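1. Sequence first, predicted coordinates after that:
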There are 2 protein chains.
Amino acid sequence: MENFVFHNPTKLVFGNGTVEKIGEFLKKDGIKRVLMLYGGGSIKKNGVYEKVVRSLVENGIEKVEVSGVRPNPVLSKVHEAIRIAKYNQVEAILAVGGGSVVDSAKAVAAGYYYDGDIWDAFIGRYNVKKALPLYVVLTMSATGTEMNGNGVVTNEVTQEKFYFGSKHVYPVVSIVDPTTQYSLPANQVVYGAIDAISHVMEYYFDVAGSDLLDRIDEGIIKTLIEATEIILKEPENYEARANFCLATTLALNGLTGMGTTGGDWSSHELEHAISALNPDVAHGAGLAIVFPAWMTYVKDKISHKLVKFDKNIFGLDREVKPEEVIDKLKCWYKKIGAPTTLKEVGFAKEDIEKLTEIANKHAPFGTVKELTKEDIRKIYEIAYE
Amino acid sequence: MENFVFHNPTKLVFGNGTVEKIGEFLKKDGIKRVLMLYGGGSIKKNGVYEKVVRSLVENGIEKVEVSGVRPNPVLSKVHEAIRIAKYNQVEAILAVGGGSVVDSAKAVAAGYYYDGDIWDAFIGRYNVKKALPLYVVLTMSATGTEMNGNGVVTNEVTQEKFYFGSKHVYPVVSIVDPTTQYSLPANQVVYGAIDAISHVMEYYFDVAGSDLLDRIDEGIIKTLIEATEIILKEPENYEARANFCLATTLALNGLTGMGTTGGDWSSHELEHAISALNPDVAHGAGLAIVFPAWMTYVKDKISHKLVKFDKNIFGLDREVKPEEVIDKLKCWYKKIGAPTTLKEVGFAKEDIEKLTEIANKHAPFGTVKELTKEDIRKIYEIAYE
């Protein structure tokens, strides 16, 4: 087990009927004016918008709204929200939505106190010193952003999908009410599951770790697999939703990283190039394509872990070969309706070179195997069809 | 799954060579004078005292020492430390030791700002409003106090062993260096393991819960069982120590309580009477005696959970009867050298009535079955021999 520091100050408020409490939490913290950031308007259809606004009104909190944050959120929207936040001198950011909204909100919170372009924080030119307090009402569980200090945004101009991290952008309060997710389309559940499973796997297949965290990791992944299958059949099964939501939060709140070297994260780097080049590909879909390809490429280094993964998650007594485990994972991804090749989501063979170029900007990366440009190209080739 | 709020602001600093950093953390927080609280002097034998003092000196931090905190810590020592803390106007409490020291330090931190007797916080007469910041260097993993807001102290005058809880006494920083525990006597490892396993079981056998947390609970308990057996043979096995230490922390830092009704805690109530009446009985020893007795008494209500516990922790394919699972747990406790009856630790049959009287002061308690005085007596009778 590697040394580590764990510090997660976010207050997680979890359960049925908790959305209505957002105003109380803001009021208790003395906040009177917020920038409310949300996406394409699904929160107006599922009743979340109304509950949040009523709670704000009841607690005497003013709001300025910025909507239209899209999946694979873009930097221009972050810039717009920062301008509006500054102009209105808001005291906090209130993100109401899924990972894209929360990630954008983190950039807005940090950008509020920065005179330059907040993209600097994504490219290592600015180390965030201060941020507005961030409050979250999560309406789609997937990325774990509701309980960590990271955000991912795409710069449309440079076609780069980069992340930044800061202790200053951990949400102060995150409300997760599983019932708000009853109306999510099936594919968002599927991609959310794959995203969270991939987060755990980035740590699980790290070169370091411990028996304790392996067991916790396996418990989270197994729960996600089971809960996803139930939700796809019964979208309003509360227990399955609650297990799913909590599992996605714990997948990336620091717990699963304890005692590792920090995770491998190659598959995430490789995915970011995919959805930067084609923003219509959901992050979870990209991960379903690229993670098994990465596993195949490095399988000799993780073979013992693949066998353990199979035994404790898929639960067969018979010992299997590493490549069988990768096939099983791909089979499960296919079963729940996810793509597993680049070709399926519309990439042509020529795109492999473009993807390689984009991903290579961050190379070398990875701890299991440090990937060079040549490795990256080969993994995309495996992922192609 | 029940609704819950999780908020744990403690910074956990974990690993080999971390004790030496305590002064840096204090300095970074602007602290210049601490009350250093410790126990019977084992920290002078194992080198921890020297490392802490050197780190304080190097970072320009003054200290006032109060030593002599004993296992099953007593209120009079807390009073003494509060007096000395006030007289010296310290800015923080630095606890260096195991659960007894940290629990006492929490009472001291809270008592510093309270004009009355801090025992009031234990008996519900005072709701802690403020406390000195608390820093911890843990030298014995067991109670989980290094990452929660609870403390247990015994009032020698009234023979009551009560707990108090407050968000103000979560440690700011807790340093856990598994190597400091290499020299612990075997029985402290054994009682620490039983204490932590019992914490998880209080939640595991709660009336509510979730598949996800059941799996995490099972992972923690299984790890504690395996790590304990390794440590008893190889006290300097770092991986086993690290797994053990982290498992005990996670057993009671709020994680295992997620989605439960808050745990049953009857066994803890019943145990507190045991070690209040006879402070020579370690908390873990008392739990080894009383938890299986409680399980036996309520077995019809937890039979499905006992079977699950057996399958996922002891790992047999054959389905067993609930009483067999309780026997297996007792067998394991015996195997590692713990007592499993009141008689073994010197209680006479007449003491059952005394224990019942002490425990009954908090009755009724328990969520699986709300225990009355009559239930309490019967459980002690089962625990007797």
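-> That came in fine, so what should we check first? Numbering: from 1, shown residues only, chains lettered A, B, ... in the order given.

2. who's residue A:150 bridged to?
-> residue A:165 (DSSP bridges).

3. contacting residues around it?
-> Taking Cβ atoms under 8 Å, 6 or more residues apart in numbering or on different chains, we find residue A:150 in contact with A:103, A:106, A:163, A:164, A:165, A:169, A:252. From N, CA and C alone the C-beta is placed, and that goes for glycine too.

4. And for residue A:223?
-> A:243, A:244, A:247, B:211, B:212, B:215.

5. Quick check: the two most widely separated of those?
-> Farthest-apart pair in these is A:244 and B:215; separation 13.7 Å (Cβ to Cβ).

6. Among the contacts of residue A:150, which one is most surrounded by other residues?
-> Greatest neighbour count in the contacts of residue A:150, by other Cβ atoms under 10 Å in any protein chain shown, goes to residue A:106: 34 neighbours.

7. next one: phi and psi at residue A:234?
-> When quoted as degrees, to the nearest 10, the phi and psi of residue A:234 stand at phi -130, psi 90.

8. If we ignore the residues flanking it in sequence, what's nearest the residue of the stretch 51-200 of chain A found nearest chain B?
-> With Cβ to the nearest Cβ, the shortest gap between the stretch 51-200 of chain A and chain B falls at residue A:178, namely 8.3 Å. Counting by Cβ to Cβ, 6 or more residues apart in numbering or on different chains, residue A:178 lies nearest to residue A:241, which is 3.8 Å off, once chain neighbours are set aside.

9. Pretty sure that neighbour sits against residue A:182.
-> Yes: contact criterion Cβ atoms under 8 Å: residue A:241 and residue A:182 qualify, at 7.0 Å.

10. Between the two, which has more neighbouring residues?
-> residue A:241 (26 against 14).

11. Show me what the helix or strand bottoming out on mean pLDDT in chain A is in contact with.
-> Least confident helix or strand, chain A: strand A:160-165 with a mean of 89, by mean pLDDT, DSSP states H and E. Residues outside strand A:160-165 that contact it (Cβ under 8 Å, 6+ apart): A:72, A:106-107, A:110, A:121-123, A:128, A:149-155, A:272-273, A:275-276, A:358, A:361.

12. ok, of those residues, which come out buried?
-> A:72, A:106-107, A:110, A:121-122, A:128, A:149-155, A:272-273, A:275-276, A:358 (16 or more other Cβ atoms under 10 Å in any protein chain shown).

13. can you tell me which of the residues you listed are in helices?
-> Cross-referencing the buried ones among the contacts of strand A:160-165 against helices under DSSP state H gives A:106, A:107, A:110, A:121, A:122, A:272, A:273, A:275, A:276, A:358.

14. Now pLDDT too, for those residues, in TSV please.
-> Output for those, formatted as TSV (pLDDT from 0 to 100):
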residue	pLDDT
A:106	98
A:107	98
A:110	98
A:121	98
A:122	96
A:272	89
A:273	92
A:275	87
A:276	84
A:358	92
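
15. Between those residues, which sits nearest residue B:257?
-> Nearest to residue B:257 out of those is residue A:106 (Cβ to Cβ; 28.0 Å).

16. okay but the closest one is in contact with residue A:146, surely?
-> No: applying Cβ under 8 Å as the test, residue A:106 and residue A:146 come out as separate, 10.7 Å apart.

17. Can you check the pLDDT for the residue most central in space within chain A?
-> Nearest to the geometric centre of chain A sits residue A:143, at 2.1 Å (Cα atoms, centre = their mean). Among the per-residue scores, residue A:143 shows a pLDDT of 95.
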